[in-house]
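# Just a sequence and a predicted model for now, questions to come.
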Amino acid sequence: MVRVRFAPSPTGPLHMGGVRTALYNYLFAKQNGGEFILRIEDTDSQRFVPGAEKYIIESLNWCGIKVDEGVGVGGPHAPYRQSERKEIYLKYAKQLVDDGWAYYAFDTPESLNSLRKDMEDKGETFAYNYQIREKLDTSLNPSMDLEILKERLEKENHWVIRFKMPSDRAIHMKDLVRGDVTAMSSTLDDKVLYKRIDSLPTYHLANIVDDHLMEITHVIRGEEWLPSLPLHYMLYEAFGWKDSMPEFAHLPLLLKPEGNGKLSKRDGDKLGFPVFPLRWIPEDGGDGARGYREDGYLPEAFVNMLALLGWNPGTEQEIMTMDEMIKLFSIEKVNKSGARFSPQKALWFNEQYLRSKSNSELAILLKPQMEANGVSDTDERIEKVCSLIKERATLVCDLWSLAKFYFVAPEEYDQKVYAKFYKNENPENLRIFADFIETIDDFTTENLNERCHAFIEEKQWKMGQIMNTTRLSVVGSNSGAAMWDIAEFLGKEETLKRMRAIK
């Protein structure tokens with residue numbers, strides 16, 4: 001069975017790039033009848049952020065990405081937080097040492113910094129690798145006999161276990177997005193796998209061990225992990241797990257709107273759009289961040305937009321349900337190059353999804369906004385308003401601003417429109433026009449349009465002047481649906497009240 005995992009670190013809010021990674025994993029799993037696992041990789045205790053895990057789970061739920069197994073759900077491979085699995089990793093790290101694939105290192109940060117500075121002063125680049133590991137304070141140093149090693153492992157707590165990267169190997173790898181990749185081991189350093197000081201593994205060891213134990217078949221992750229692929233291949237070889245090694249796919253970056261560099265929160269702050277699915281409010285009182293949900297985006301529009309940032313189904317179709325995306329998704333059609341994010345396109349997607357909703361669905365979205373403003377009405381009338389405003393709405397939060405004048409008479413008027421139209425003979429003509437409208441009994445759109453049009457022509461008024469003045473008095477601006485649709489909804493009494501209230 002296909003088994004994929006999304007394994008974020010709880011070091012802050014989940015970036016939209018992370019959501020896309022989760023989405024591609026989910027689409028791939030569901031297309032292949034597989035399972036989607038959520039694992040929290042919280043081994044970096046220094047960068048742990050309270051509330052981040054809860055945020056991750058809520059974000060996935062909002063997006064409709066359903067977890068089959070993992071944190072919050074459970075399953076046969078529990079626990080799914082790496083901090084709760086830490087007793088597992090030392091055994092595997094020691095296995096690598098015993099098999100000659102890893103070694104103990106006792107270097108202090110101060111000694112490494114000093115060595116790095118000495119080499120830089122000589123114009124050399126420092127790398128902890130096969131060239132120097134036997135000269136440093138490691139178990140590979142000829143001066144480190146077994147008794148000394150045992151004593152130091154017992155008494156000292158700053159030692160680490162490093163992977164012993166071969167000195168001259170061509171590491172051949174396959175990536176489902178990028179094809180065949182080769183790296184020379186001589187260019188790689190000896191990564192730390194386990195740290196005694198906090199009894200926790202690094203990402204590299206924990207990731208490989210957990211993927212193996214959880215029977216992960218495909219690892220679909222961000223491009224930033226591609227440089228780690230040679231080490232991960234070597235770890236699978238070192239453990240003797242090559243036959244069960246998952247297939248790898250590294251996804252392209254999400255780029256800034258101008259295309260130069262990875263999309264960040266700073267870009268969103270600067271250009272006025274969110275980069276996180278939900279609003280982030282830090283528990284420690286630090287800087288928060290906007291979210292797509294709170295900015296008025298529908299989850300299905302957000303997910304649809306994200307899916308097409310880096311993947312093309314090979315058709316002209318852009319609007320797709322989750323089921324349609326599952327059917328069409330293919331790792332082979334994921335782009336190698338970065339995908340440029342467009343805030344305008346994100347708005348377009350949301351606009352399409354809002355317009356496709358029924359009036360009753362839109363009414364459900366509008367009601368809480370009405371209640372927050374102390375306004376209520378019948379379902380029938382709310383749905384009627386939704387039919388009149390849906391073609392003008394882009395975000396969910398637009399609904400109330402577009403609908404407000406249908407329920408609340410304007411208390412102030414757009415000053416530019418007021419200055420342009422409420423002058424000269426227009427105020428007096430508006431009074432005469434209101435007196436005429438009061439004589440109309442059939443207050444339907446069609447009858448109002450016909451009768452009022454004839455009256456305006458009979459008076460030889462300028463159509464634009466009187467109609468914009470009328471709209472200003474009723475709406476408060478020159479926006480909104482067709483004037484007589486608005487009047488029919490408001491009814492004669494309310495329409496006349498507003499026409500006569502403007503001063």
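Cool, got the structure. In this text the structure is predicted, and so the values were computed from the model without any measurement.
# Is it correct that residue 347 is in contact with residue 398?
No. Residue 347 lies out of contact with residue 398 (Cβ atoms under 8 Å); the separation is 10.5 Å. Where you see a C-beta, it was placed from the backbone N, CA and C, and this is true even at glycine.
# surely residue 50 meets residue 284?
Yes. Between residue 50 and residue 284 a contact is recorded at 7.0 Å, counting by Cβ under 8 Å.
# residues contacting the nearest residue to residue 404 once chain neighbours are set aside?
Ranked by Cβ to Cβ, 6 or more residues apart in numbering and with sequence neighbours excluded, the top spatial neighbour of residue 404 is residue 373, at 7.5 Å. Neighbouring residues of residue 373 by Cβ atoms under 8 Å, 6 or more residues apart in numbering: 400, 404, 408.
# which of those are buried?
Among these, those classed as buried by neighbour count (16 or more other Cβ atoms under 10 Å) are 400, 404.
# And the helices in the stretch 1-150 of the chain?
Counting by DSSP state H, counting those that start in this stretch, the stretch 1-150 of the chain has helices at residues 16-31, 52-63, 86-98, 109-121, 146-155.
# Show the contacting residues for residue 76.
Contacts of residue 76 (Cβ under 8 Å, 6+ apart): residue 69.
# For residue 321, see how far away it is.
31 Å (Cβ to Cβ, to the nearest Å).
# And for residue 391?
In this view, residue 391 and residue 321 are 22 Å apart by Cβ to Cβ.
# now swap in residue 279 and tell me
Distance from residue 279 to residue 321, by Cβ to Cβ: 26 Å.
# Between residue 50 and residue 284, tell me which one has more neighbours.
Higher neighbour count among residue 50 and residue 284: residue 50, with 10 against 7, using other Cβ atoms under 10 Å.
# ok, that one - contacts?
Residues in contact with residue 50 (Cβ under 8 Å, 6+ apart) are 283, 284.
# which residue sits closest to residue 384, ignoring its sequence neighbours?
residue 489 (6.2 Å).
# which residues touch the strand or helix carrying that neighbour?
Per DSSP states H and E: residue 489 is located in helix 483-501. The contact list for helix 483-501, computed with Cβ under 8 Å, 6+ apart, reads 381, 384-385, 388, 405-406, 409-410, 430-431, 433-434, 437-438, 440, 443-445, 448-449, 452, 467, 470-471, 473-475, 480.
# now those: which count as buried?
Using 16+ other Cβ under 10 Å as the burial test, those include 384-385, 388, 405-406, 410, 430, 433-434, 437, 443, 445, 448-449, 452, 467, 470-471, 473-475, 480 as buried.
# where along the stretch 301-450 of the chain do the helices fall?
322-328, 343-356, 359-372, 379-389, 398-407, 415-421, 426-437, 445-459.
# Return the set of buried residues in the third one.
To tie it back to what came earlier, the one meant is helix 359-372. Quick answer for helix 359-372 (16+ other Cβ under 10 Å): 359, 362, 363, 365, 366, 367, 369, 370.
# what do you get for the longest one?
Along helix 445-459, the positions that meet the burial threshold by neighbour count (16+ other Cβ under 10 Å) are 445, 448, 449, 451, 452, 455, 456.
# The second one now?
Of the residues in helix 343-356, those buried by neighbour count under the rule 16+ other Cβ under 10 Å are 346, 347, 349, 350, 351, 353, 354.
# dump the residue contacts of the second one.
To tie it back to what came earlier, the one meant is residue 347. With Cβ under 8 Å, 6+ apart, residue 347 has these contacts: 394, 395.
# so how far is residue 193 from it?
46 Å.
# now the fifth one
Relative to residue 193, residue 351 is positioned 49 Å away (criterion: Cβ to Cβ).
# Quick check: residue 357 touching residue 390?
Yes. Proximity of residue 357 to residue 390 meets the contact threshold set by Cβ under 8 Å, at 7.4 Å.
# Quick check: phi and psi at the spatially closest residue to residue 352 that is not a sequence neighbour.
Spatial nearest neighbour of residue 352, excluding adjacent residues (Cβ to Cβ, 6+ apart): residue 319 at 5.7 Å. Per-residue torsions, residue 319: phi -90, psi 120 (degrees, to the nearest 10).
# Would you enumerate the residues in contact with residue 319?
Residues near residue 319 by Cβ under 8 Å, 6+ apart: 304, 349, 352, 353, 356.
# Below-threshold pLDDT in the stretch 301-450 of the chain: ranges please.
Judged by pLDDT under 70, the stretch 301-450 of the chain has no weakly predicted residues.
# mind running it again at 90?
314-315 (pLDDT under 90).
# now swap in the stretch 1-150 of the chain and tell me
Residue ranges of the stretch 1-150 of the chain with pLDDT under 90: 43-48, 86.
# For stretch 153-167, which outside residues touch it?
Residues contacting stretch 153-167 (Cβ under 8 Å, 6+ apart): 93-94, 96-97, 100-106, 108, 128-130, 133, 138, 140, 152, 185-186, 188-197, 204, 231, 234-235, 238.
# cutoff 6 Å now
93, 101-106, 130, 185, 188, 190-197 (Cβ atoms under 6 Å, 6 or more residues apart in numbering).
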